[in-house]
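Q: sequence and predicted structure, then a few things I'm wondering about:
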Amino acid sequence: FLGTSNLEQIPKGWQNFMESVLEFTTDIAKNQLGESFYRPWVPFVSTLFLFIFGCNWAGALIPWKIISLPEGELAAPTNDINTTVALSLLVSVSYF
């Protein structure tokens with residue numbers, strides 16, 4: 001929504017970011033899956049890329065260790081093995 005709400009011929013801001021992400025993930029999908037098979041997988045690959053990218057940046061920029069809870073402490077989402085297992089199962093089920 002942020003990248004497509006106000007489209008311009010010369011992109012700037014969110015549109016520029018979203019176009020570069022789409023181009024990057026399209027290139028990854030095309031190189032890994034082949035020229036004839038990559039198109040249906042671009043939204044899936046892009047969503048995974050943005051989720052992992054956002055989680056890793058949240059882990060790098062937010063001082064999670066400062067926030068302490070009675071049950072433990074907070075950490076980056078990708079720091080947990082459950083996130084990794086869930087993403088791998090999601091990819092495996094959707095591909096096979």
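A: That came in fine, so what should we check first? Residues are numbered from 1 along each chain as shown.
Q: going forward, measure contacts between C-alpha atoms and count neighbours the same way
A: OK.
Q: tell me where this structure has helices.
A: With helices called from DSSP state H, the chain shows them at 14-33, 42-61, 81-95.
Q: now for the first one, which elements pack on it?
A: Where contact means 3 or more CA pairs under 8 Å, 6 or more residues apart in numbering; DSSP states H and E, helix 14-33 is packed against helix 42-61.
Q: give me the residues contacting the helix it packs on.
A: 21-22, 25-26, 29, 75-78 (CA atoms under 8 Å, 6 or more residues apart in numbering).
Q: verify the stated contact: Ala75 with Ile62.
A: No. The criterion here is CA atoms under 8 Å, and Ala75 misses it with Ile62 at 9.2 Å.
Q: between these two, which one's more packed in?
A: Higher neighbour count among Ala75 and Ile62: Ala75, with 17 against 12, using other CA atoms under 10 Å.
Q: ok so, going back, list only buried entries from the contacts of helix 42-61.
A: Neighbour counting over those (16 or more other CA atoms under 10 Å) leaves 22, 25-26, 29, 75-78 as the buried ones.
Q: which one of the helices of the chain lies nearest to Glu71?
A: Among those, helix 81-95 comes nearest to Glu71, with 17.4 Å by CA to CA.
Q: pull the distance from that closest one to the chain's centre.
A: For helix 81-95, the separation from the chain centroid amounts to 14 Å (computed by CA atoms, centre = their mean, to the nearest Å).
Q: just the pLDDT for the closest residue to Ser68 other than its chain neighbours.
A: Residue nearest to Ser68 in three dimensions, not counting chain neighbours: Leu74, with 6.6 Å by CA to CA, 6 or more residues apart in numbering. Note on Leu74: pLDDT of 74.
Q: who touches Leu74 in this structure?
A: Applying CA under 8 Å, 6+ apart to Leu74 gives the contacts 64-65, 67-68.
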